[in-house]
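Student: Sequence plus the predicted model coming up.
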Amino acid sequence: MEDHFINWDREADVVIVGYGFAGGISAITAHDAGARVLLLEKMPHPGGISILSGGGVAFARNAEGAFTYLKRTCNGTTPDEVLWPLAEGMVEIIDRIKALAKVSGTEPAQSEVRGHGTYPFPGTGDIDSVKLKDFPAYSAFPWAKGLRGGARLFKMVSDNVQLRKIEVLLSAPAKRLITNPEGQVQGLAAESDGKEIAIRARKGVILACGGFENNAMMKLQYFEAQPVYPVYLGNTGDGILMAQKAGAALWHMWHFHGGYGFKYPEFPFAIRHVWAGPRKDDRKMIWIAVDRFGRRFMDEYPPAPQDTGSRPLEYYDADLQDYPRIPCYLIFDEEGRKLGPVGMVIVNDERYHYKWSEDNLTEVERDWIIKEKTINEIAAKIKVNPEVLNSTVERWNSLCAVGRDADFNRPPKTMMPIANPPFYAMEAWPIVSNTQGGPVHDPRQRVLDPMGNPIPRLYVAGEISSIFGHLYLEAGNITECFIGGTIAGKNAAEESPWE
Ligand SMILES: Cc1cc2nc3c(=O)[nH]c(=O)nc-3n(C[C@H](O)[C@H](O)[C@H](O)COP(=O)(O)OP(=O)(O)OC[C@H]3O[C@@H](n4cnc5c(N)ncnc54)[C@H](O)[C@@H]3O)c2cc1C
């Protein structure tokens, strides 16, 4: 097969766009299958969201259980034939991680095992998750401030990329795919050193460049709630747009992994509240959330607070012609204020750094947290009717007294009254950790067009095209980066090269 003539500046067998977990694993796999790989990263540093993550990796004890669980989690939005390779890969993933971790002198930590998936669906008991054992990884990435588990896992991936001497181009955003008149992908155009270069992909291109969490127009078009603020700035949907131009169909575009959190003009990114991971309902959550009328409206601590935590905020009031829960307000008291930081800054960008204070007092001084002696004064500051806010707080305190949230079913042990002045309020917004929607792919990670036909030589891996179309499986995104990256890397490397 001959490619359409272009003045190519560079070439590789497999060109991979984006250097997070999905791009790194795709690169390692394609290299190990004999391909010469070029890995492009848009930002000055690699890691994407991956380096900021908790580093939890979901695995399965048997594929049938995992498949049953995944099918329910996806609620019909993802074909069985795509879910099976993930379910089967989940059985083998610990061995894969063990092999990769040896290079970094570490191994998976059995102590992190929790015994189930996120939701009580059939198959949940067959699913679990692990992290890597602690090892000195974090100092390797001084530009990234996130959760330590993700940095450890990313160190493992980057150690393996370096060991194989895989070529990485940083500050090199891919701009568009180059296809021939038959629609076959021949390579791509990227920016490097301020110039546009044409890179030939002799076998194929893998798009592993994350979702669209920092693309305002795409969020406006696909999300119900507005605005939804991102944690990571580098993912602007570039790969989704490139794939669309090449003819890709899209799936799961509405679905994002997100909770509620904070946004301040000092930083272009959002700050998550500290409650993440699967629900551990034996500790006090200090706040209740109230809408713009001062009414409570949600269980503030759903089973996976960073999965569905944002969804109750999405309610649109047609009479009001507005979203009465955007922003909402977190209300707590002096006892709560002392129980530890409310927010945690997670950022992969050397331009920014902020450490939230342990007692939240620096944030009070910054006016990020409103402090007042009475609930009436809090109501005045957040512009709600004081009678409504007082009655919301009184109702909450009465529920705490009986130890049961009859209104929204929040787990009893997380409840604590709001009774000791001074009182505090924080503005909170929907936050996207990562999006799940993107180009439809088949079991081989090939991108499909709307008629279900593969776009020749175009693959995807990771959050650019997640299988999760309804509910997130905690630790499942990294799992799909590893399994999807492995499948994409292998299949791209096995393509016959252009002459
Ligand atoms: C705080 C936090 C904690 C999390 N914890 C977990 C967890 O414990 N377990 C779990 O499973 N999931 C977790 N997640 C989700 C998970 O981290 C992500 O879904 C996953 O890491 C995404 O990996 P990725 O490789 O697809 O994307 P990314 O890691 O975001 O990598 C994409 C890369 O592509 C680059 N890029 C974008 N556009 C271009 C372009 N045009 N050209 C070149 N490069 C480009 C980006 O800069 C980025 O580096 C968490 C997320 C957050 C925010």
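Tutor: Perfect, I can see it now.
Student: could you list every residue that touches the residue positioned nearest the centre of the chain?
Tutor: With distances taken as C-alpha atoms, centre = their mean, residue 434 lies nearest the centre of the chain, 2.9 Å away. For residue 434, the contact set (C-beta atoms under 8 Å, 6 or more residues apart in numbering) comprises 49, 210-211, 213, 232, 235, 256-257, 463, 477. No exception for glycine: its C-beta is placed from N, CA and C like everyone else's.
Student: how far away is whatever residue of the stretch 251-400 of the chain ends up closest to the ligand from residue 50?
Tutor: Of all residues in the stretch 251-400 of the chain, the one sitting closest to the ligand is residue 346 (4.8 Å; C-beta to the nearest ligand atom). Per C-beta to C-beta, to the nearest Å, residue 346 is found 12 Å from residue 50.
Student: Which one's more surrounded, the two?
Tutor: The neighbour count for residue 346 versus residue 50, taken as other C-beta atoms under 10 Å, is higher for residue 50 (32 against 23).
Student: Model confidence score at that one, please.
Tutor: According to the prediction, residue 50 has pLDDT 96.
Student: ditto for residue 117
Tutor: Note for residue 117: predicted pLDDT of 87.
Student: Is it in contact with residue 58, as I believe?
Tutor: Yes: the pair residue 117 and residue 58 passes the contact test of C-beta atoms under 8 Å, sitting 7.3 Å apart.
Student: tell me, what's touching these two both at once?
Tutor: Joint contacts of residue 117 and residue 58 (C-beta under 8 Å, 6+ apart) are 127-128, 473-474.
Student: and of these, the nearest to residue 72?
Tutor: residue 473 (10.2 Å; C-beta to C-beta).
Student: The closest one touches residue 66, doesn't it?
Tutor: No: the pair residue 473 / residue 66 is not scored as a contact, 9.2 Å apart, by C-beta under 8 Å.
Student: Which of the contacts of residue 434 sits closest to residue 165?
Tutor: Nearest member of the contacts of residue 434 to residue 165, counting by C-beta to C-beta, is residue 210, at 24.7 Å.
Student: Name the helix or strand for the closest residue to the closest one other than its chain neighbours, please.
Tutor: Ranked by C-beta to C-beta, 6 or more residues apart in numbering and with sequence neighbours excluded, the top spatial neighbour of residue 210 is residue 235, at 3.6 Å. Assigned by DSSP states H and E, residue 235 falls within no helix or strand.
Student: Pull up the overlap in contacts between residue 473 and residue 66.
Tutor: residue 127.
Student: related to what we said a few turns ago, just want to know which of residue 117 and residue 58 has more residues nearby.
Tutor: Neighbour totals were compared for residue 117 and residue 58, and residue 117 leads with 29 against 25 (other C-beta under 10 Å).
Student: Which residues are in contact with that one?
Tutor: Residue 117 touches 58, 69, 73, 123-124, 127-128, 473-474, counting by C-beta under 8 Å, 6+ apart.
Student: Okay, and which of these map to helices?
Tutor: Among those, the members falling in helices (DSSP state H) are 69, 73.
Student: can you pick the most crowded of the contacts of residue 117?
Tutor: residue 127 (30 neighbours).
Student: What distance do you get for that one to the ligand?
Tutor: According to C-beta to the nearest ligand atom, to the nearest Å, residue 127 and the ligand sit 12 Å apart.
Student: residues touching that residue, list them.
Tutor: For residue 127, counting by C-beta under 8 Å, 6+ apart, the contacting residues are 58-61, 65-66, 69, 90, 116-117, 473.
Student: tell me the phi and psi of the one residue in the stretch 301-450 of the chain that gets nearest to the ligand?
Tutor: Closest contact between the stretch 301-450 of the chain and the ligand, by C-beta to the nearest ligand atom, is at residue 433 (3.6 Å). Residue 433 adopts backbone torsions of phi -80, psi -50, taken as degrees, to the nearest 10.
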